[in-house]
Structure formats: C-alpha cells, structure tokens
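Q: Here's a sequence, model it:
(2 chains)
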Number of protein chains: 2
Amino acid sequence: FDRDLCWRTEARLLPVVCHSSNNFKVTRKALEEAYAKAVEANISVKGLLLTNPSNPLGTILDRDTLREAMSFINEKNIHLICDEIYAATVFRQPDFISIAEIIEEDQEYNRNLVHIIYSLSKDMGFPGFRVGIVYSYNDAVVECGRKMSSFGLVSSQTQYLIASMLSDDQFIGKFLLESAGRLATRHNDFTDGLRQVGIKCLNGNAGLFLWMDLRGLLIDSTVEAETALWQMIINDVKLNVSPGSSFHCSEPGWFRVCIANMNEETTKVALARIREFVLRNGNKPNRKEKCGQSDLRLRLSFRRIDDVLRSPCIMSPHSPIPQSPLVRTRT
Amino acid sequence: FDRDLCWRTEARLLPVVCHSSNNFKVTRKALEEAYAKAVEANISVKGLLLTNPSNPLGTILDRDTLREAMSFINEKNIHLICDEIYAATVFRQPDFISIAEIIEEDQEYNRNLVHIIYSLSKDMGFPGFRVGIVYSYNDAVVECGRKMSSFGLVSSQTQYLIASMLSDDQFIGKFLLESAGRLATRHNDFTDGLRQVGIKCLNGNAGLFLWMDLRGLLIDSTVEAETALWQMIINDVKLNVSPGSSFHCSEPGWFRVCIANMNEETTKVALARIREFVLRNGNKPNRKEKCGQSDLRLRLSFRRIDDVLRSPCIMSPHSPIPQSPLVRTRT
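A: Alright, predicted model coming up:
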C-alpha cells in the first residue's frame, strides 16, 4: 500500500506488528501497541487498513478479529478501510466474512467510519480493466469519490463488457468456482512440494499466494540476511518471490510466493529449482553453522546482482512499479 | 472549464473579455485587462488557458494571437495551457496552428510554461474511450501526471484497440478527411438556413458547433433576457443550445449550437423549428418594440420551465453534468 496511499498524500503507513507464534493474527494487543507507538511519535492516527483475505498471508480474517477491529476503530474514532480485493479467492474453509456482515450484526458501530475497497483485478483476473470500487458507508466519501472519478472514468466499451459479464450469474458462478478449484490445486501442489524439501508455509486458504517460511535458510535473523537470500533466489534460482520486509514483516525470513499465474508444468520447474537450491545450500535449521561455500556464493551473487539492480523497477523488492506476480521459471 | 478546473482545486477562472466587434479575437489588450483586473482583486494569476480551435466560437487562433499569448505568459511568467482538443476538426482554411509550432519558431520562449492538452473525444468522436493526453514541456508536470495517472489508467483492451487504430495511418487519414468534410457540409447547411431567417453566425471554420447571434431576439441586452430566450428555445422550440453566459461571454444574445451529431434530416427539422420560432416572434433588430404577445409567451414559458428545472442536471446552462451536444429535434 505504500505507493497507493503515500504518493498523493502526506499520509504515513505504520505497520501493525504481528507474529508467527500465533500465525500472524491481528490481535487487539497488536492494534493497541501500533496505536500507542504512533501517539508516542506524535502521529495523529486517522485509520486502520486491513486486507481481507490477507495479502501476503493468504489467510482470511476471522469473525473475532473483524469484531475486534470494529470495536477498536469505534473506540478510537478512526476510519477502517477494508480491502476485500481477494474476497472470491477463498478455496478452502473457513469462508470469507466481509466487514459488511460484521456491521450488520451490531447497530452500535459507527458506519460512517467504514469503507470497503474492491476491484475486478484479482477475483476475476482482470487487472487490465482497471475497474476499482469504493463501497463506503460515509456519504461525504462517496460524494468526493463521485467527483474525483469524473477525471478517470472507465471507458464505455469496458463498462459495457463488464456489465454484460457480471449480469450473467451462471457464468460468474462457474468462473469463480473453477478459479477457486484451480487455486486449491496449485496451492496444494506447491505446499506439498515445498514440504518435501523441508520448507513450511503458513496454513492459508485464500489469495493468489502463499507465505513461505525460509527462516531456516538465513545466515542470521536480520533484514540484510533476508535481502541477501532474496537476491540469491532471484538471481541463481531465478524465481521471483517477494521478501517479507517489503510487506513490513517484522520477522526476517518470510517470503511471498505468487502461485496463481503458473500452470502445472511451470509449478514443477519452480519446485525442482527450489529443491536443487535447498539441497545445494543445505536445509539446516540455522545457516550460521555453515559458512564457507555459502558465503562465497553470496558474494558472487551480490556482484552479479549489482549489475541487474541498475534497472531498479524490475529488481527492487520495494519498487513502486508493480512487478509481475508470475514466478518466471522458463529458461 | 469551470468544473474541470475548479472542482478539485481552489483555483478560480477569470474570463478574458472579448468582443463581437473584432470577432471575439483574443488581443493583447484583452489579456492585459484581465490580468490587471485579477491583480486589482488581489488574485495571483498562475496561468492562461486557451482553447484552439475555440469552443464555443468554432474558430482557430491565428499565428499572431498565439505569439501574443506566448509573449504575454513569458513576460508575466505564468503558465499557458493550450487545449487543442478540436485540432483535427478544422474543415476550412485557415489551417490549424498548434502552440507547439509557435514554440519552435522562437527559442527564447520558456517552454517549461507550456502545456498542451488533448483527447480522442472530439476529433475522433470517441468520448467513451476516456482517453486524455497531457503534452507538457515541463518535466515536473509530466512526472506528476505519470504518478497521478496510475490511479486512473486506461484499460488494456481500450489501449490495444486505440493503438491498432491510431497506427493505421490510412484509416486515420480517411476518417479525419471524411469527418471534416461532413462538418463543412453540416456547417454550411445550418448557417445557410439560419441566414435565410435573418440569423447571423460568427464566421467559423472548426469545431463541432457554431456561434449564433440572437441579439436581435432579446427583449433587452441583459443576461436575464438571454436566459429567458434560452428557456423559450429549450421549452418551446425544443432545441438544446447553450447560452453565451455559460461560457462567460460578456455580450448577451450569443448562443452555441452543436451541429456535429445531427444528420441531414434532423438538420432540416431543427432549421424548420427555428424558422417558425423566428417568424412567430418577429425578426426585428430590437425586441423592445414588441411586447404584448411575446411577454405573455415568456411568462407562460417560465411557468412550464420551472417544473422541468427541478431536474437541474438536464436543464441548467451552468450544470456541472455534461449535456449531450445533440440538438434534440425528434418529436
């Protein structure tokens, strides 16, 4: 969200720090801590931003978490922006719960504080349509959105195409079912393959990616080590994954793998490469024990990567230019 | 431009007052007067906005006028925004001259002050594509535009369609030639028809409209009388024309007629209605002499129009919602 929210505004994003110990759950404690930290730094908190299902975790937010978030923002009188862009990518139980449902349950919540954002990019796989939706309970926000949108309207032909597509309930139903089924297959294939070489993933059930635990491959538990590992994966293994630090993850060693754009064959190639990489570099719980060859490899990698890094739009994990989620495994 | 430029900003638009006596030419005197007036009112002038070919006049800006404008903005060190959205609608000599040509002639001009805007809406007749272009000589403006546009991108399918269309030089050449030819025919038919009932138009050679002189039909030379006449034309004659006051024209009695969306038959119906209206209301140079029937008609019209005015998006000449340029002549 860094570029989406900070480019045009003077807004700052502060992470709500979550931990692997409870599967990165957004707890009330984590919310309060983030809030207290902001207050301490003399930052006026305007809102809470949640992605449900979560990117990069690939998990949904449960009812309790959503209720906690609603109570929290009501008490603090701040806004809640709920990004539900992956709502229809849930491929396994538990089901997706929209913040809209939570609001219905309790009339005490201040609806003026709640804004849902959505797009056809992920669920329908139509990023090229550039169709975004703001569903706000706040009239002022809707009115402002209406005026702003007059400068970036969706073209008539796109509107026409989308209208006829979305009004075909049968097609949409089949499409989403098929899409979820394929995501489940790809997710299972990939997590199985990773498990066979000792790599665990967070137990996900939604989204277009999985949250891979490579802490065991780090030289030490730092962002620098994570970045070094990321550069090796990009350059040597030639897989385009995203390091946790680019999502403000506080525990080094987590990586997001996009699985949605791969076919079966590409999946096999990707898994074979990961397997080879893990075998070559050892699959020990702590890389500190091995230094010789690995350090040499890291140094070599750095030098080779420095050249490539000169086109930063492709190679930086923090690049403002969107990267293709495709894991590029073709040789 | 009121809604385009003032909705999102705190900018104010001040008219450069032009006169029918010299065919509404934008003179250095007019520019200086507008500037002096702004300074007097303690308004900091940031730029000059020109439409070339002009909307609503249907005329192009000549080389001298463009040079004057360039000198003026350079001296004052303010920006020039040149709206060239009707560039390819010129259907008769003299030819269109872009501000880009003027800049090339004199290297002394400060290019950082010049910004050209364009769109496919008018020349190509594709408003539905929602494709706008900013061609600025100022890197900061281009960079800002690039960042802003990431929130309102043109859909891929539209980009694809436009790219293949615009790269077909033969098609585009034929299309624009045919379009200009049709505009010329429609313009001639309409001005001839109006002339036959004693209505003169500004001598235009571009754009999708003509600038019609109905000063002779006004009860007196006021904006109120112009608005009353406009309401009669809308309600009784059922032609959708735009009063000069909605373009900040300082002389009451001028009206913009959009001619581009009419076929031959519709043109005939429109002209027949205008003819009947003029005959009914008399075609005297000054309406002050006749009062009886006309006043009654005006009162009647007002009452009937008041009802309609409750849907202001359709009926107000100053409505922020775009009106169809189509002259609705169907019964």
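
Q: And the pLDDT at whatever residue of the stretch 101-250 of chain A ends up closest to chain B?
A: Of all residues in the stretch 101-250 of chain A, A:G152 sits closest to chain B, at 2.3 Å by Cβ to the nearest Cβ. No exception for glycine: its C-beta is placed from N, CA and C like everyone else's. A:G152 is assigned 82 on the pLDDT scale.

Q: same question, the one 4 residues further on
A: According to the prediction, A:S156 has pLDDT 93.

Q: What about it, how many residues nearby?
A: A count of nearby residues for A:S156, using other Cβ atoms under 10 Å in any protein chain shown, gives 14.

Q: Assign a three-state SS to the residue of the stretch 101-250 of chain A closest to chain B, would you?
A: coil (DSSP: H, G, I helix; E, B strand; the rest coil).

Q: Not counting its neighbours along the chain, what's nearest it?
A: B:G152 (2.3 Å; Cβ to Cβ, 6 or more residues apart in numbering or on different chains).

Q: Was I right to think the one you found contacts A:F151?
A: Yes - applying Cβ atoms under 8 Å, one finds B:G152 in contact with A:F151, separated by 6.5 Å.

Q: Show me how chain A divides into domains.
A: Taking automatic domain parsing as the reference, chain A has its domains at A:2-166, A:172-328.

Q: By mean pLDDT, show me the worst of those.
A: Within the domains of chain A, the stretch with the lowest mean pLDDT is domain A:172-328, showing a mean of 78.

Q: check which helix or strand covers A:T227.
A: Under the criterion of DSSP states H and E, A:T227 resides in helix A:223-232.

Q: of all the residues in the stretch 51-200 of chain A, which ones are close to chain B?
A: A:128-131, A:147-148, A:150-158, A:161 (Cβ under 8 Å from any Cβ of the partner chain).

Q: gap between the two ends of stretch A:132-143?
A: By Cα to Cα, to the nearest Å, the extent of stretch A:132-143 from end to end equals 16 Å.

Q: Quick one: residues in contact with that stretch.
A: Stretch A:132-143 is contacted from outside by A:100, A:103, A:111-119, A:145, using Cβ atoms under 8 Å, 6 or more residues apart in numbering or on different chains.

Q: can you check stretch A:67-80 too?
A: With contacts defined as Cβ under 8 Å, 6+ apart, stretch A:67-80 is touched by A:26-28, A:31-32, A:35, A:45-48, A:50, A:61, A:99, A:102-103, A:106, A:108-110, A:113-115.

Q: about what we covered before: going through the contacts of stretch A:132-143, which ones are buried?
A: Neighbour counting with 16 or more other Cβ atoms under 10 Å in any protein chain shown marks A:103, A:113-119, A:145 as buried within the contacts of stretch A:132-143.

Q: Now intersect the residues you listed with the helices, please.
A: Residues of the buried ones among the contacts of stretch A:132-143 located in helices (DSSP state H): A:103, A:145.

Q: Which pair of the buried ones among the contacts of stretch A:132-143 spans the longest distance?
A: A:L113 and A:S119 (21.7 Å; Cβ to Cβ).

Q: hey, where'd the helices end up in the stretch 101-250 of chain A?
A: A:139-149, A:156-166, A:169-196, A:223-232 (DSSP state H, counting those that start in this stretch).

Q: so of these, which one's packed in deepest?
A: With neighbours defined as mean count of other Cβ atoms under 10 Å in any protein chain shown, the helices of the stretch 101-250 of chain A peak in mean count at helix A:223-232, which reaches a mean of 19.

Q: That one - contacts with which helices or strands?
A: Applying 3 or more Cβ pairs under 8 Å, 6 or more residues apart in numbering or on different chains; DSSP states H and E, we find helix A:223-232 packed against strand A:242-243, helix A:292-308.

Q: Convert that helix to PDB, retaining C-alpha atoms only.
A: The C-alpha trace of helix A:223-232 is given here as PDB (Å, rounded to 0.1, in the frame of the first residue of the first chain):
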ATOM      1  CA  VAL A 223      16.600  -7.900   7.100                       C
ATOM      2  CA  GLU A 224      20.100  -7.800   5.500                       C
ATOM      3  CA  ALA A 225      20.300 -11.600   5.500                       C
ATOM      4  CA  GLU A 226      16.700 -11.800   4.200                       C
ATOM      5  CA  THR A 227      17.600  -9.400   1.300                       C
ATOM      6  CA  ALA A 228      20.800 -11.400   0.600                       C
ATOM      7  CA  LEU A 229      18.700 -14.600   0.400                       C
ATOM      8  CA  TRP A 230      16.100 -12.900  -1.800                       C
ATOM      9  CA  GLN A 231      18.800 -11.800  -4.200                       C
ATOM     10  CA  MET A 232      20.200 -15.400  -4.400                       C
END
